[in-house]
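Q: give me coordinates for this.
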Amino acid sequence: MRALWRGQGANRGATRYDPWMTKLDKPLKRELAIGEQAYVLTIAPEGLKLTLKGHRKGREIAWRDLVDGAGAAESSAPLEGEGTSLT
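A: Below you'll find the model as predicted:
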């Protein structure tokens with residue numbers, strides 16, 4: 001049996017332990033630019049949060065809501081301090 005490397009057999013072993021994946025056990029923040037605005041995306045064990053850089057309030061969605069599709073209705077509302085939507 002040969003070993004699977006990254007990118008090989010992406011759908012295999014979804015329920016097994018994957019030594020190539022890092023468990024998400026604490027928040028991970030990344031800055032990104034959408035148009036002229038700078039945002040911070042926080043990926044946490046609870047879900048996702050997108051905020052304008054330098055602000056605390058933003059759009060949050062729990063993983064369960066994302067999987068169930070519950071957050072789709074709110075996705076068209078603009079973030080605080082922004083005049084247009086993200087889409």
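Q: contacts, neighbours, all on C-alpha from now
A: Noted.
Q: can you show me the strands along this protein?
A: 28-34, 37-44, 47-52, 58-62 (DSSP state E).
Q: are there helices or strands packed against the second one, and which ones?
A: Counting contacts by 3 or more Cα pairs under 8 Å, 6 or more residues apart in numbering; DSSP states H and E, the secondary-structure elements packed against strand 37-44 are strand 28-34, strand 47-52.
Q: then the third one?
A: Using 3+ Cα pairs under 8 Å, 6+ apart as the contact test, the elements touching strand 47-52 are strand 37-44, strand 58-62.
Q: follow-up on the earlier one: and the helices and strands packed on strand 37-44, which is most packed in?
A: strand 47-52 (a mean of 18; mean count of other Cα atoms under 10 Å).
Q: show residues contacting it.
A: Contact with strand 47-52 is made by 37-43, 57-63, 79, as judged by Cα atoms under 8 Å, 6 or more residues apart in numbering.
Q: span of stretch 42-59 from start to end?
A: This stretch, stretch 42-59, spans 10 Å end to end (Cα to Cα, to the nearest Å).
Q: could you give the mean pLDDT of that stretch?
A: For stretch 42-59, mean pLDDT rounds to 96.
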